[in-house]
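Trainee: coords please:
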Amino acid sequence: MDKPDGARKLHTAPTPLVGGIGLFLALCAGVALQAAVFGSTPPASVAIAAVSGVFFLLGFMDDRRHINPWLRLAVGIVGAGAAAIAVPSLRVGALWFPDLGFTIPLGMAAVPFTVFCVLCLKHGSNLSDGLNGLFLGMCILWLLLLAPWMVPETSVLLLPTAGALAVLLVANLKGRLFTGDSGAYMMSSLIGFAAIEAYASHRGGMPALYLGACFLIPVLDMGRVMAVRIRRGTGAFTPGRDHLHHYLKDWTGSSNRAVAVYLALCSIPALHAYLDAPLVMVMALQVVAYAATLSVNRARGPEMHQPARGDPQKPAFGGGSFKHSPKPYQNRE
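Mentor: Predicted coordinates:
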């Protein structure tokens, strides 16, 4: 159960953190459906399901006992690295830029780069999971953006998960349940590796910039927040309400409107996927829209502040060392 604390967790009543369990069961159903439709489960699907299951268990334990962040990071590196090493189609072997006319082979850096990308998506997704409907809405949007590129086997694998996301979205918008870290960790891994497989399967047909555009907003916001906190000396993982979705809620005066604006920023890559707009223009539009949103918030004046370093009422989660403390990012509403 996620209990409100009146500071960062502003929902009105204790809420079950069971959405991740539903998503994991949907993934298991997808594996069974894929085996029934195609007669077997491809190695890539086995690896995707296995590493997603590891991330689910990690998040499930984190929801209950708040695992040390260094341990979470280590498990994430091992899990993502094992999948990338075991299955070549689950690693980024080269960066293809067909719009720009060149390719960058990664060679021995392929596995570390893949792990880095998956972990960036994992942490960026988790940090953006702060308003009802936002994370689940992003997952549905990402599946729609990746749909034109997915191989049939992966599409079947994710079909039950897509249905579960839609059902859970309705319940989450009503505040009846949260996905928890179990759902956030699992879905970021699942979608991340599904995107990498779609990218690798097209052998240069799917531009690297497109994947970057799909996940740009939450990852960009994660980088900004961590950089600002490090500069302030409060530590990259210090709790705070200075994420993009917090600013949007202040600006729009409504959680639902904030979620709608955030998802609109994330949906800009659809201009390329379905209208074939130039990717450079798409990413530039995203960056400009993101910067404009922050500028509007800055012009309104600071309404939310970082907790001061050493504030006994708000324990540091980061800084010079990681301290075991309540999870800083379980902030719904």
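
Trainee: pull the CA atoms of stretch 123-138 into CSV?
Mentor: Only the C-alpha atoms of stretch 123-138 are listed here, as CSV (Å, rounded to 0.1, in the frame of the first residue of the first chain):
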residue,chain,number,x,y,z
HIS,A,123,15.1,5.8,-14.2
GLY,A,124,13.5,8.4,-16.5
SER,A,125,10.2,6.5,-16.5
ASN,A,126,10.3,6.0,-12.7
LEU,A,127,10.9,9.7,-12.0
SER,A,128,8.0,10.7,-14.3
ASP,A,129,5.6,8.4,-12.5
GLY,A,130,4.1,11.1,-10.3
LEU,A,131,0.6,11.8,-11.5
ASN,A,132,-2.3,9.5,-12.0
GLY,A,133,-2.4,8.3,-15.6
LEU,A,134,1.0,9.6,-16.7
PHE,A,135,3.2,6.6,-16.7
LEU,A,136,0.6,4.2,-18.0
GLY,A,137,-0.3,6.8,-20.7
MET,A,138,3.3,7.0,-21.7
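
Trainee: Run the chain-centre distance for it.
Mentor: Relative to its chain's centre, stretch 123-138 lies at 7 Å (Cα atoms, centre = their mean, to the nearest Å).

Trainee: And for that stretch, what's in contact with it?
Mentor: Identification of contacts with stretch 123-138 by Cβ atoms under 8 Å, 6 or more residues apart in numbering yields 19, 165, 168-169, 172-175, 179, 181, 183-185, 187-188, 215, 218-219, 221-222, 225, 243-246, 249, 255-256, 258-259, 262-263, 266, 329, 331-333. (Each C-beta comes from the backbone N, C-alpha and C, glycine too.)

Trainee: Among those, name the buried ones.
Mentor: Among the contacts of stretch 123-138, the ones that count as buried by 16 or more other Cβ atoms under 10 Å are 19, 165, 168-169, 172-173, 175, 179, 181, 183-185, 187-188, 215, 218-219, 221-222, 225, 243-246, 249, 255, 258-259, 262-263, 266, 329, 331-332.

Trainee: Run through the strands of the stretch 51-200 of the chain in chain order.
Mentor: Assigned by DSSP state E, counting those that start in this stretch, the stretch 51-200 of the chain shows strands spanning 94-97, 102-105.

Trainee: who's in contact with the first one?
Mentor: Right, the one you point to is strand 94-97. So strand 94-97 is in contact with 103-106, 110, 204-209, going by Cβ under 8 Å, 6+ apart.
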